[in-house]
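J.: Below is the sequence, then the predicted model.
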Amino acid sequence: MKKLILLAICFTLFGSVAFAGGNAIKERMRQRLPVINQMKNQGLIGENNRGFLEYRSNKHSNQQMINEENADRLQVYKMIAQKTGSTAEIVGKQRAAQIAQRAPKGHWLQAPDGKWYRK
């Protein structure tokens, strides 16, 4: 039950990114989203079980953008953790579970046990 409550809080806070500097992070993430979705659709990247993007192919195009996205996600997770009394690691794992639930068919995801699968 506690996990579900924290997950709901995580989703609410992630959606609003309501913290200092959050608007800038939210805007950067929004701008990267079309390219990230295209790369996911092509099977080049996937969502790992810690809430970060990871390459699934040897073609590492847009490496800087992926690194920047993961850095912004980490900042969001840290801020949510601070607001909820959790840790960035837990928030990231919970976000990964949300992403996996909502991911469209064909996207690469990493299960909690570390195994990769295509939805």
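T.: Arrived safely, thanks for sending.
J.: For the rest of this, base every contact and every neighbour count on C-alpha atoms.
T.: OK.
J.: residues contacting the residue nearest to the spatial centre of the chain?
T.: With distances taken as CA atoms, centre = their mean, Gly51 lies nearest the centre of the chain, 3.9 Å away. Neighbouring residues of Gly51 by CA atoms under 8 Å, 6 or more residues apart in numbering: Arg73, Gly92, Lys93, Gln94, Arg95, Ala96, Ile99.
J.: try it again with 7 Å
T.: By CA atoms under 7 Å, 6 or more residues apart in numbering, the residues touching Gly51 are Gly92, Lys93, Arg95, Ala96.
J.: Okay, and which of these map to helices?
T.: The members of those that map onto helices under DSSP state H are Gly92, Lys93, Arg95, Ala96.
J.: so which of the contacts of Gly51 comes closest to Gln42?
T.: Ala96 (19.6 Å; CA to CA).
J.: wait, the closest one sits on Leu53?
T.: No. Counting by CA atoms under 7 Å, Ala96 sits too far from Leu53 to count as a contact (9.9 Å).
J.: Can you list the low-confidence ranges for the chain?
T.: Across the chain, the ranges flagged by pLDDT under 70 are 1-21.
J.: could you pull out the strands for it?
T.: 45-47, 53-55, 108-110, 116-118 (DSSP state E).
J.: Serialize these to JSON lines and add fields for distance to Ile80 and mean neighbour count.
T.: Formatted as JSON lines, the strands of the chain follow (distance: least, CA to CA, whole Å; neighbours: other CA atoms under 10 Å):
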{"stretch": "strand 45-47", "distance to Ile80": "19", "mean neighbour count": "24"}
{"stretch": "strand 53-55", "distance to Ile80": "19", "mean neighbour count": "20"}
{"stretch": "strand 108-110", "distance to Ile80": "22", "mean neighbour count": "25"}
{"stretch": "strand 116-118", "distance to Ile80": "27", "mean neighbour count": "14"}
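J.: Rebuild these as a markdown table, extending it with distance to Ile66.
T.: Conversion of the strands of the chain to a markdown table gives the following (distance: least, CA to CA, whole Å):
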| stretch | distance to Ile66 |
| --- | --- |
| strand 45-47 | 9 |
| strand 53-55 | 7 |
| strand 108-110 | 15 |
| strand 116-118 | 19 |
